[in-house]
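Enquirer: please work out how this folds:
(one chain, ligands or ions: 2)
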Amino acid sequence: MEPFSQVELQLAARNHGMPLEALRYPVTPAGLHYLLIHYDIPAVDPAAFALTIEGAVERPLTLSLDDLRARPARELEVTIECAGNGRALFPIRPVSQPWLSEAVGNAAWKGTPLGPLLAEAGLGSDADEVVFTGLDRGIEGGLVQAYERSLPLEEALRDELVLAYEMNGQPLLPQHGYPLRLVVPGWYGMTSVKWLTRITVVDEPFTGYQQTQAYRLRRSEEDEGEPVSRIFPRALMIPPGLPSFPEREWTLPRGPTRVEGRAWSGWAPVQSVEFSADGGGTWIEAELEPERSRWGWRGWTHEWDAPPGDHVLCCRARDSAGNVQPDEAEWNVGGYANNGIQRVRVTVD
Ligand SMILES: Nc1nc2c(c(=O)[nH]1)N[C@H]1C(S)=C(S)[C@@H](COP(=O)(O)O)O[C@H]1N2
Ligand SMILES: [Mo]
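Expert: Numbering: from 1, shown residues only. Ligands and ions are numbered 1, 2, ... in the order given. The predicted model follows:
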């Protein structure tokens, strides 16, 4: 593995992950939810803030925060995971946010559904995609840009998409997109545009940087690659026992130990989680907790009778569409979607 660079350190110091012990909270407290911000958190004047809906629509709309809050509201628990989660576990990685496995969180997002707003604006017959633009701007790939991403029309019209102004019952924190963000359940995090200020209906595929350059699964630099979209299944556990500082190696006493974690998939509901105490040699089915929300993670537990010695604990999620976590995910240039199984080394004495 290549040494980490100053630029990666700078990114890691700005964008924190969710400490794995926070898997114990069904709803991730806002301050423990992971964070990923490409540029700077923009300055926002809530009184002057407006969302516009424009482009291939019959009636362009301009909405204040009060207008948005006056509309029908919906609250939904959604697990958001960064597409770069696991990047630093690939043997070769690009210089980008060096996540291990902690770029995830499950929050209750409240806002107004997107579909009725698009209907009110009146979609033109040539409408093809919907582009979501944030207030934050920066330079990436040599291009000055606002952070923006698009969705195909049929995805944008899904029932569960909300323009969220609250996270866990509080106004969004600045770092999570205050005052308004898109939340796209089931898709990797890059889709859920924060500091949302403009929605543009377009009549041909959007070719912005975050769509055509970033967030593609490329096998080589020349490969155009497939776009990253929905979240592949993953299970994570809270490493059991006492962590050492600063190495974070875990020690626990022999005997019955309850191992717990969460699992999710953006493709289909989680069907099973398996646990292994021998590095993935043998697997045993873990117990699933009831589903809280189709779009949120699902709790799981396993009662492990820990024998003395060194062990590698693993967990593996499978969804009802048959997607299962691989031992090692397929490498790609951007270091995206690394959902290879978690490995936790523990010493039992
Ligand atoms: N405007 C804007 N939206 C954005 C981003 C950004 O940098 N700017 N980062 C995206 C990425 S890559 C991720 S993973 C999620 C992270 O959301 P969170 O910080 O609330 O966890 O926001 C997405 N939305
Ligand atoms: Mo991300």
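Enquirer: when you work out contacts or count neighbours from here on, use the C-alpha atoms and nothing else.
Expert: Will do.
Enquirer: what's the burial count for residue 338?
Expert: 25 (other CA atoms under 10 Å).
Enquirer: in this protein, which residue is closest to the centre?
Expert: By CA atoms, centre = their mean, the chain has its centre lying nearest to residue 81, at 1.7 Å.
Enquirer: output the below-cut-off pLDDT ranges for the stretch 101-250 of the chain.
Expert: Applying pLDDT under 70 to the stretch 101-250 of the chain flags no residue at all.
Enquirer: rewinding a little: may I have the beta-bridge partners of the residue nearest to the centre of the chain?
Expert: Beta-bridge pairing for residue 81 (DSSP bridges): residue 104.
Enquirer: any chance you could list what contacts stretch 112-128?
Expert: Stretch 112-128 has contacts (CA atoms under 8 Å, 6 or more residues apart in numbering) with 53-54, 56-61, 68-69, 71-74, 152-153, 156-164, 201-205.
Enquirer: report the secondary structure state of residue 155.
Expert: helix (DSSP: H, G, I helix; E, B strand; the rest coil).
Enquirer: how many residues are close by the residue in the chain that ligand 2 sits nearest to?
Expert: Nearest residue of the chain to ligand 2: residue 82, at 3.7 Å (CA to the ion). Using other CA under 10 Å, residue 82 is surrounded by 25 other residues.
Enquirer: now the one 5 residues further on
Expert: Burial of residue 87 is recorded as 27 neighbouring residues (other CA under 10 Å).
Enquirer: what segments of the stretch 1-150 of the chain are helices?
Expert: 6-14, 65-70, 114-121 (DSSP state H, counting those that start in this stretch).
Enquirer: how much space separates residue 21 from residue 301?
Expert: 14 Å (CA to CA, to the nearest Å).
Enquirer: hmm, back to that, can you tell me how far the residue of the chain closest to ligand 2 is from residue 34?
Expert: Residue 82 is 9 Å from residue 34, by CA to CA.
Enquirer: which neighbours do those two have in common?
Expert: 103-104.
Enquirer: hang on, the residue of the chain closest to ligand 2 packs against residue 187?
Expert: No: Residue 82 is beyond contact range of residue 187, at 9.2 Å (criterion: CA atoms under 8 Å).
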